[in-house]
Every structure is written in C-alpha cells, then in structure tokens.
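S.K.: Predicted model and sequence follow; I will ask about them next.
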Amino acid sequence: MKYKTLFRMLLKAIGVWVVVTGINGLLGQIGYALYVLTDAGARSVGGNWLFVYNLMAPSVQIAMGLYLFFGGRWIVDRAIPGNRPYCHECGYDLTNAAGNVCSECGTPFKPAAEVSPAT
C-alpha cells in the first residue's frame, strides 16, 4: 500500500473521530440550552450569545471532521506531494515505464505528458 493511501486512510479515521466527538459536544450543548431555556431560574442576562458560541464550536469541528473524512485533499497534497508518476493500483514507480501498462500489476495508465525543451 502506498504511503499516500495509508495517509488518506489515517485522515479518514481521524475525521470519523472528530465528527463523533463534535456530535457529542453538539448534543451536549443542545441539551444544556434546552435545560436553560426551560428553567426560568437558570437564565442569565446575555446568555444567549454564549449558546451561539457553544453551538458554533462543535459545528465547526463536525465540518472539519467531514472535510478530513471526504479526502482532505489540500492536507494530503501538502504532506505527501505526488511528484513522481506511480501506479494507482499497486504503487509501482512508473518513471521510466515503457508503454501504457504497469509492468508490476498490469493496470493501464495514462502516460505522462512529454516535456518539450525550452526554446
């Protein structure tokens, strides 16, 4: 398995963990908000803005977790740049490959564009 694929799987696992903890925090804040809104003795002046903040933080956490789960392309490209051609099936280096088929596993691929000399 390629390092980039392994890194993406790790990001997906982290994304699931972040989403689950975000949902847990969001449900806790919704429950606390319902308690405060229904109990007249627990209300405080200006407390509504605190509820907005406390609901916004887990929402951002859930959004970041979903971004990580569904690819996190910007993070992956910065962490492991793909500057060499490789087979997307087996990870074999296709730098000097002859033809359009991986010599390791037989998967067809698009050849890299020829670099034209500078004039």
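M.R.: Alright, I've got the coordinates. This one's a predicted model, so the numbers in the text were calculated from it and none came from an experiment.
S.K.: Beyond the helix or strand where residue 12 lies, next helix or strand please.
M.R.: Element membership of residue 12 [criterion: DSSP states H and E] is helix 3-38. Sequence order places helix 47-69 as the next helix or strand after helix 3-38, per DSSP H and E.
S.K.: I'd like to know how far residue 74 sits from residue 91.
M.R.: The gap separating residue 74 from residue 91 is 22 Å, by C-beta to C-beta, to the nearest Å. All C-beta spots, glycine's among them, are computed from the backbone N, C-alpha and C.
S.K.: Distance check, the residue nearest the centre of the chain against residue 20.
M.R.: In the chain, the residue lying closest to the centroid (C-alpha atoms, centre = their mean) is residue 68, at 1.4 Å. Here residue 68 is placed at a distance of 12 Å from residue 20 (C-beta to C-beta).
S.K.: what helix or strand does residue 99 sit in?
M.R.: With DSSP H and E as criterion, residue 99 is part of no helix or strand.
S.K.: What count of nearby residues applies to it?
M.R.: 9 (other C-beta atoms under 10 Å).
S.K.: What separation do you get for it and residue 108?
M.R.: Distance from residue 99 to residue 108, by C-beta to C-beta: 9 Å.
S.K.: Show me what the mean pLDDT comes to for stretch 20-31.
M.R.: The pLDDT scores in stretch 20-31 average 91.
S.K.: what's next to that stretch, contact-wise?
M.R.: Stretch 20-31 is contacted from outside by 51, 54, 55, 57, 58, 59, 61, 62, 65, using C-beta atoms under 8 Å, 6 or more residues apart in numbering.
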